[in-house]
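> Need a 3D model of the sequence below.
(chains A and B)
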Amino acid sequence: MPAESHEALNIRSSADVVSVRQAARALAERVGFSLVDQTKLVTAASELARNTIDYGGGGTVQLELVENGVRRGVRLTFEDQGPGIADLNLALKDGYTSGGGLGLGLGGARRLVNDFKIESSPGAGTRVMIARWK
Amino acid sequence: MTIQVDMHDRLALALQEDLTARISATSARGVLIDISSLEVVDSFIGRMFANIAAMARVLDATTVVVGMQPAVAITLVELGLSLPGVRTALNVERGMALLQTSLDGAGEEDASGVP
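Numbers count the residues shown, from 1 in each chain, chains lettered A, B, ... in the order given. The predicted model follows:
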C-alpha cells in the first residue's frame, strides 16, 4: 500500500524548522508512537531540517505515513540543492562539523531512527531519508 | 526563567543575549532555567544551554537547568549530547537547593564556582 498521507514543506528559515517539528509530531501521534518515540523522531527531524538550512542553503521535506506489512511508520525525506557532501563517512562521524555546530546532527539523527539513507555528492545536493516504525 | 514555547533558533539566540544582559544588570549569582514545557531539545538548543552556562560562569553566576522531560532526556543521550558544563536538577525546588549549596560553598573557591 502506498503512503496514505503525504505532505511537503519548504525549509528556508528557523521558523520552518519549528513547522517541520510540528508536522513530524502530528504524524507520529497519528501512528500512535509512544512519547519517547515521538520525541526521537521529532528531534531527528529538527537536526536534519537545520542541516538543510545551514549546509544545503534551504530545501524541502516530504513527510509521509507509510506501511510495511502490518507495521506503520513515518518517513521523512529531506532534499537540498546545496554543495553536497564529499565524504559521507566523515560527515556521519560524531564531533565532525564543517560549520559551527556540534557535529552531532547527522550521526545523532541516524541513531534516533530505524532507517537512515543518505545520498550526496559534491555539486549535486543532498537527500536524507529517515523512517521510524511503530 | 521558564521556557514555554517551541523555540525557533533566532528566539533561542535572543534569549541567550537577554539572559546575559539580565545577569549583568541584576548581579545575579544564580540562573535557573525551567524546561519542563520543552518537548524537544535538539543539538542547537542544547548548545544554547551550554553557552548560557558558560557565559553565566564568566559573569560569576551558576546555571541550573531543571524539569527536563524523561523522553527528552532519553533522546538527548541517544543523540550524543551530554550538555557539558550544564548542571541539571529534577525540578525547581531541587534546582534552587543546588544553587543555594553552590553559593554557600563558593566563598573559598575560585571564580569558576566549581567545587
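> Give me the contacts around stretch B:9-16.
Applying Cβ atoms under 8 Å, 6 or more residues apart in numbering or on different chains, the set of residues contacting stretch B:9-16 from outside is A:Ser14, A:Val17, A:Arg50, B:Ile3, B:Val5, B:Met7, B:Phe44, B:Ile45, B:Met48, B:Asn51, B:Ile52, B:Met55. Every C-beta, even on glycine, is put in place using the N, C-alpha and C of the backbone.
> Could you measure from the nearest residue to the first one once chain neighbours are set aside over to B:Ser27?
The spatial neighbour of A:Ser14 that comes closest, neighbours along the chain excluded (Cβ to Cβ, 6 or more residues apart in numbering or on different chains), is B:Asp9 at 3.6 Å. Between B:Asp9 and B:Ser27 the distance is 29 Å, computed by Cβ to Cβ, to the nearest Å.
> ok, now A:Val66?
Counting by Cβ to Cβ, the gap from A:Val66 to B:Ser27 is 55 Å.
> how deep is A:Thr39 tucked in, by neighbour count?
Neighbours of A:Thr39 under the rule other Cβ atoms under 10 Å in any protein chain shown: 26.
> who are the neighbours in contact with it?
If you count contacts by Cβ under 8 Å, 6+ apart, A:Thr39 has them with B:Glu39, B:Val40, B:Gln69, B:Ala71, B:Val72, B:Ile74, B:Thr75.
> picking that back up, ok, how many other residues are close to the residue nearest to A:Ser14?
B:Asp9 is flanked by 19 other residues according to other Cβ under 10 Å.
> do the same with A:Lys117
Other residues lying near A:Lys117 total 11 when counted by other Cβ under 10 Å.
> same deal with the one 3 residues further on?
Residues near A:Ser120, counting by other Cβ under 10 Å, number 21.
> May I have the residues that are in contact with it?
When contacts are counted by Cβ under 8 Å, 6+ apart, A:Ser120 touches A:Gly84, A:Ile85, A:Leu88, A:Thr126, A:Arg127.
> Does chain B have contacts with stretch A:64-74?
No. Judged by Cβ under 8 Å from any Cβ of the partner chain, stretch A:64-74 stays clear of chain B, getting no closer than 15.1 Å.
> gap between A:Leu9 and chain B?
A:Leu9 sits 14 Å away from chain B, taking Cβ to the nearest Cβ, to the nearest Å as the criterion.
> and the helix or strand B:Asp18 falls within, how far from the chain's centre?
Using DSSP states H and E, B:Asp18 falls within helix B:9-26. Relative to its chain's centre, helix B:9-26 lies at 12 Å (Cα atoms, centre = their mean, to the nearest Å).
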